Structure formats: C-alpha cells, structure tokens
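K.L.:
Turn this into a model:
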Amino acid sequence: MAQTIGISQVWWRGKKYDTPKGTKWRIPGMQNEDQDASTRTLRSMRWNKGMAQATIFITKDADEDDFDPALGEGELQIQTDLGTVYVFPDAYVKAKPDVQDNGQAPVTWTLNTYQKISA
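P.N.:
Next comes the predicted model:
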C-alpha cells in the first residue's frame, strides 16, 4: 500500500520546533506563465520563489524572537516521516509571527534554494 506524509518536523536555525499537523511548503523553481497572443496562448517562464508555512508552539524554550526578520537568512529544514528531508539554506522570515492565546504562532518563510535528501 502506498504511504503518504503523515508527520513533518520543522527545524529553524538548528533548533527543532513543535508544530501541529498542517505544515506546508513549495520548493522554489521555474514556473510557466501564459502569454496571450491574438489567436493563441504562448508560454514564457519565470522564477517562482519557494514558501513554507508552519504553526509553531510558543513554549519556554521557543518564542517569537526566534523568528525576528532582523536575524537575516538561516537554514530551515522540513523532515517528513517518509524519510525525506528538505533543506533550505537561505530561508528568511518577512515578519515576526502573530502569537495566539493558545500558544500557537503561524510563521511564513521565503525560500530561494533547496536540497532534497531522501532516505
């Protein structure tokens, strides 16, 4: 039977963060663009930046200052239970997350390059 991703773990700047289910990501790469011509559609390409979104639990060991944009670029890793690890060495956060009173803080990263490691 085929298996699908069930659990993903998030590591930011070498530190593991607790997250609920629902982490999502898009690896960076080329994207097709439609170019409308008079009687047909042509195709061009452009760069499509990568993106990752995860909700982090704010705990004693993890707070919103870990995601300060002033810290610059850092390494983001997403590890799945299928044995695949996505490494984004130049990820960055655009804004500090909004922390909710349930201890959760959604974080969004922008990604430019990646390495995919499969077990």
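
K.L.:
Taking the centroid of this structure, which residue is nearest it?
P.N.:
Ala52 (1.8 Å; Cα atoms, centre = their mean).

K.L.:
buried sites along stretch 36-54?
P.N.:
For stretch 36-54, a neighbour-count test (16 or more other Cβ atoms under 10 Å) marks Gly50, Ala52, Ala54 as buried. C-beta: built from backbone N, CA, C; applies to glycine.

K.L.:
Over to stretch 101-116?
P.N.:
Gln104, Ala105, Val107, Trp109, Thr110, Leu111, Tyr114.

K.L.:
Correct me if wrong: the last one contacts Trp25.
P.N.:
The reference is to Tyr114. No. Counting by Cβ atoms under 8 Å, Tyr114 stays clear of Trp25, with 9.2 Å between them.

K.L.:
Overlap in contacts, those two.
P.N.:
Gly50, Tyr86 (Cβ atoms under 8 Å, 6 or more residues apart in numbering).

K.L.:
and for the longest strand anywhere in the chain, what are the contacting residues?
P.N.:
Secondary structure assigned by DSSP state E gives strand 84-93 as the longest strand of the chain. For strand 84-93, contacts defined as Cβ under 8 Å, 6+ apart pick out 12, 25, 27, 50, 52, 67-69, 71-79, 107-119.

K.L.:
So what's the gap between it and the chain middle?
P.N.:
7 Å (Cα atoms, centre = their mean, to the nearest Å).
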